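A.B. asks: Got a sequence here, can you model it:
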Amino acid sequence: MTYYGGKELAAAFRTVRGNTIKIAEEIPDNKYSFQPTADVRPVGKLLVHIAVGPTFATFIHQNKIDDLMKVNFGELMGKISAEEAKPRSKAEIVQFLKTEGEKFAAFLEGLPEPFLAERVKMPPQADPPTKSRFEMLLSPKEHEMHHRAQLMLVERMVGIVPHLTRQAQERMAAQAQR
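C.D. replies: Predicted coordinates for the structure are as follows:
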């Protein structure tokens, strides 16, 4: 018996995606083209990148691929890149984050423990040589949290105090008043 299965994966992912959506909503339209450096995606493109982040994992696990050498990475990444390249307004990006996030969370929610325990063979020279589906399905959330940290720094750069910081400040102020 485990304490963290498909339902917990889905709930954790929904929390992370909800925080990403909050950031996407708070950053003004005119800052979606903001690019901190030439080597970093602009805000809007980063948000779309986050939205399509689970695509790889969904493809692998919906198709029950047990060996990553069976995947045509060029074709798969080409499809993902084409989706990322589509022009979108702020409203469309926020909606895309919502729909893609819920689609992935719903997929996670229905995964049984035996499926999550299955091992997937990694490419040659990978260490470790196999990973559980569970471990692989944590990756989209970790990937999103990495990029969300970038977005929180961008928020600071454009004069916005991130909502998670504001919430912590409110809790501390309420505690100080008690």
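
A.B. asks: CA only for contacts and neighbour counts going forward, please
C.D. replies: Noted.

A.B. asks: mind showing which ranges of this structure have poor pLDDT?
C.D. replies: Within the chain, the stretches with pLDDT under 70 are 1-2.

A.B. asks: top helix in it by residue count?
C.D. replies: The longest helix of the chain (DSSP state H) is helix 133-157.

A.B. asks: how much space between H143 and H61?
C.D. replies: For H143, the distance to H61 (CA to CA, to the nearest Å) stands at 17 Å.

A.B. asks: Looking at the two, which one has more neighbours?
C.D. replies: For the pair H143 and H61, the greater number of neighbours falls to H61 (19 against 13), based on other CA atoms under 10 Å.

A.B. asks: can you pull the contacts of the most centrally placed residue in the chain?
C.D. replies: Taking CA atoms, centre = their mean, the centroid of the chain lies closest to E144, which sits 3.2 Å from it. Contacts for E144 (CA atoms under 8 Å, 6 or more residues apart in numbering) come out as 16-17, 50, 53.

A.B. asks: and which of these is nearest E118?
C.D. replies: The closest of the contacts of E144 to E118 turns out to be G53 (CA to CA; 21.8 Å).

A.B. asks: Count the residues that sit near the closest one.
C.D. replies: 21.

A.B. asks: Surely it touches M145?
C.D. replies: No: assessed by CA atoms under 8 Å, G53 is found out of contact with M145, at 11.1 Å.

A.B. asks: picking that back up, neighbour-wise, which one of the contacts of E144 leads?
C.D. replies: Neighbour counts for these peak at I50, which has 26 neighbours (criterion: other CA under 10 Å).

A.B. asks: The host helix or strand of that one versus helix 133-157: what angle between them?
C.D. replies: Assigning secondary structure by DSSP states H and E places I50 in helix 43-52. Computed with axes from the mean of the first three to the mean of the last three CA atoms, to 10 degrees, the direction of helix 43-52 lies at 160 degrees from that of helix 133-157.

A.B. asks: Helix 43-52 packs against which elements?
C.D. replies: In this structure, helix 43-52 packs against helix 73-85, helix 90-109, helix 133-157, with contacts taken as 3 or more CA pairs under 8 Å, 6 or more residues apart in numbering; DSSP states H and E.

A.B. asks: can you tell me which of those comes nearest to L164?
C.D. replies: helix 133-157 (9.2 Å).

A.B. asks: And the next helix or strand past that closest one?
C.D. replies: helix 163-177.

A.B. asks: Output that next one as PDB, nothing but the C-alphas.
C.D. replies: C-alpha atoms of helix 163-177 as PDB (Å, rounded to 0.1, in the frame of the first residue of the first chain):
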ATOM      1  CA  HIS A 163       0.600  36.000  -4.700                       C
ATOM      2  CA  LEU A 164       2.200  33.300  -2.600                       C
ATOM      3  CA  THR A 165       4.400  35.900  -1.000                       C
ATOM      4  CA  ARG A 166       1.400  38.100  -0.300                       C
ATOM      5  CA  GLN A 167      -0.400  35.200   1.300                       C
ATOM      6  CA  ALA A 168       2.600  34.500   3.500                       C
ATOM      7  CA  GLN A 169       2.800  38.100   4.500                       C
ATOM      8  CA  GLU A 170      -0.900  38.200   5.400                       C
ATOM      9  CA  ARG A 171      -0.500  35.000   7.500                       C
ATOM     10  CA  MET A 172       2.400  36.600   9.400                       C
ATOM     11  CA  ALA A 173       0.600  39.900   9.900                       C
ATOM     12  CA  ALA A 174      -2.500  38.000  11.300                       C
ATOM     13  CA  GLN A 175      -0.300  36.000  13.500                       C
ATOM     14  CA  ALA A 176       1.500  39.100  14.800                       C
ATOM     15  CA  GLN A 177      -1.900  40.600  15.700                       C
END
